[in-house]
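>>> Next input, structure requested:
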Amino acid sequence: MSDRRAGIYVHIPFCLTRCGYCDFNAYADLGHLRSRYVAALCAEADLASPSWSDAAVDTVFLGGGTPTTVDTLDLAALLAHLGSRFEIIDDAEVTIEANPDTVDRATLSALLDRGYSRLSIGAQSFDHSVLASLERVHSPDSARAAYGAARQAGYSNVNLDLIYGAVGESLDSWRATLEETIALAPEHISAYALTVESNTPLGRQIAEGERPDPDPDLQADMFALTCDALRDAGYVHYEVSNWAKPGFECRHNLGYWRRQPYLGLGAGAHSYREGRRWWNTRPPEAYLQQIESGIAPTGGAEVLTPEETRTEEFFLQLRTSEGISADSVDPARADLYLTEGLLARRHGGYVLTERGMFLANEVVLALTG
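Next up, the predicted model:
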């Protein structure tokens, strides 16, 4: 077995509906392409696998979109095909994302039996009004039911995805969502501040004055509350937006932050290896046409300069609890952020404090500028 570890990301672009804040490569009106798309993913794996024969795949992640809108038999066949084309290690972490309304106990049991060992449920909130503000179609009850079904199916590694700072959300509402999440006791929790992208319906509504921008001060308070509540509940804050019970950190995402090689399959998926990044054609129909013509669906590529590599390494490492080495930053600049309580010394290097994590982008740019 190769000592060189790599991850595989598989993008599934299908969704039940398109949420107003979402700028992912996801579509609510392309369900008729699902089986054809899975066949294309298998064909792309065939095209890509010879170049990755020297790598042992230790993580596979199906994201989207909503992968669980695809038929369970197709998902099983896809994972089996990947296993036949790549050296996937025996204890690989295999994650699949799910919308609460697309899974039940039978579905999840089948996915677990076929090798999907880690489940990530897009709960977002346990407040009806917040879910409505986010234009999510599921209810708090369906999120609870999906989580219960996962446990009944035998899942022992479950992530709940949450979003805070939606328009109209209060600190008390967010506290209630956190309390319910903690009571459910998932192994992993991802909590993201709502960000507004200009090319989304929410972004246009805000630009036209129809809705207010998220309040950054309130989001900062929500982040602080999250840090305190999850720490008290025994979760390790190992990356800006991610908390885990010890030993349940997401191995796939750690691979990104450590800049390990990864292969992206599917429409718009990105890949990285040895300083080169490339990405697939984004529109699903165009991706299908290229694959079905026997053409690699590459939409673009770039080779990082030494300076770009340094900045990226710095940014990714500093987002995690592993931090950066002391010799990677000007001590005078570091001292400023140590004094302001945004950096701390740890194991001979520097890590962001939780205050610093909320301002990670600004701190990184200042330290590398």
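
>>> List the buried residues in stretch 95-106.
Judged by neighbour count (16 or more other C-beta atoms under 10 Å), stretch 95-106 contains these buried residues: Thr95, Ile96, Glu97, Ala98, Asn99, Pro100, Asp101, Thr102, Val103, Arg105. In short, each C-beta sits where N, CA and C put it, glycine included.

>>> Quick check: the last one touching Ala153?
Right, the one you point to is Arg105. Yes: using C-beta atoms under 8 Å, Arg105 makes contact with Ala153 at a distance of 5.3 Å.

>>> Could you work out the end-to-end span of stretch 40-60 for me?
Using C-alpha to C-alpha, to the nearest Å, one end of stretch 40-60 lies 17 Å from the other.

>>> correction: stretch 43-59
Across stretch 43-59, the terminal residues are separated by 20 Å (C-alpha to C-alpha).

>>> Give the rounded mean pLDDT of that stretch.
Computed over stretch 43-59, the mean pLDDT rounds to 97.

>>> In this structure, mark out all the helices, start to finish.
Remark: helices of the chain, listed N- to C-terminal, are 34-48, 72-85, 105-113, 128-133, 140-153, 171-184, 201-207, 216-232, 251-257, 284-292, 306-318, 331-339, 354-358, 360-368; assignment by DSSP state H.

>>> Now do the first one and helix 72-85, the angle between them.
In this case it means helix 34-48. Going by axes from the mean of the first three to the mean of the last three C-alpha atoms, to 10 degrees, helix 34-48 is angled at 0 degrees with respect to helix 72-85.

>>> Show me what helix 34-48 is packed up against.
In this structure, helix 34-48 makes packing contacts with helix 72-85, strand 262-265, helix 284-292, judged by 3 or more C-beta pairs under 8 Å, 6 or more residues apart in numbering; DSSP states H and E.

>>> Cys19 is nearest to which of the ones you listed?
Comparison of those against Cys19 by C-beta to C-beta identifies helix 284-292 as nearest, at 18.0 Å.

>>> how about that closest one: buried residues?
Pro284, Tyr287, Leu288, Gln290, Ile291.

>>> could I get those as JSON lines with pLDDT?
Listed next are the buried residues of helix 284-292 as JSON lines, based on pLDDT from 0 to 100:
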{"residue": "Pro284", "pLDDT": "98"}
{"residue": "Tyr287", "pLDDT": "98"}
{"residue": "Leu288", "pLDDT": "98"}
{"residue": "Gln290", "pLDDT": "98"}
{"residue": "Ile291", "pLDDT": "98"}
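
>>> Just give me the closest of these to Arg345.
Where those are concerned, and distances follow C-beta to C-beta, Arg345 has its nearest neighbour in Tyr287, at 46.8 Å.

>>> What residues are bridge-paired with Ala6?
On DSSP bridges, the residues paired with Ala6 through beta bridges are Val57.

>>> List the residues that contact it.
Counting by C-beta atoms under 8 Å, 6 or more residues apart in numbering, Ala6 makes contact with Trp52, Ala55, Ala56, Val57, Asp58, Gly255, Gln260, Pro261, Tyr262, Leu263, Arg273.

>>> And the third one, how far from Ala233?
So that's Ala56. Using C-beta to C-beta, to the nearest Å, we find Ala56 at a distance of 34 Å from Ala233.

>>> what about the closest residue to Glu87 other than its chain neighbours, distance to Pro261?
The shortest distance from Glu87 to any residue that is not its chain neighbour, by C-beta to C-beta, 6 or more residues apart in numbering, is 5.1 Å, and that residue is Ala56. Computed with C-beta to C-beta, the distance linking Ala56 and Pro261 is 11 Å.

>>> Thr339 versus the residue of the chain positioned farthest from its centre, what's the distance?
Counting by C-alpha atoms, centre = their mean, the extreme residue of the chain relative to its mean C-alpha position is Ala332, 34.3 Å from that point. Taking C-beta to C-beta as the measure, Ala332 falls 11 Å from Thr339.

>>> Surely Tyr192 touches Asn242?
No: counting by C-beta under 8 Å, Tyr192 does not reach Asn242; the two are 9.3 Å apart.

>>> and Ala98, what is it in contact with?
The contact partners of Ala98, by C-beta under 8 Å, 6+ apart, come to Thr66, Pro67, Thr68, Leu119, Ser120, Ile121, Gly122, Ala146.

>>> which residues sit in contact with the closest residue to the fifth one other than its chain neighbours?
Across the structure, with C-beta to C-beta, 6+ apart as the measure, the residue nearest Ser120 apart from its sequence neighbours is Asn159 (4.2 Å). Neighbour list for Asn159: Thr95, Arg118, Leu119, Ser120, Ile121, Pro186, Glu187, His188, Ile189, Ser190, Cys250 [criterion: C-beta under 8 Å, 6+ apart].

>>> Bridged to Asn159, which residues?
When bridges are taken as DSSP bridges, the partners of Asn159 come out as Ser120, His188.

>>> Offset the numbering so it begins at 549, please.
New numbering, starting at 549: the last item is Asn707.

>>> pLDDT score for it?
Confidence score, pLDDT, at Asn707: 98.

>>> What is the nearest of the buried residues of helix 832-840 to Leu626?
After measuring these against Leu626 - C-beta to C-beta - the closest member comes out as Ile839, at 13.8 Å.
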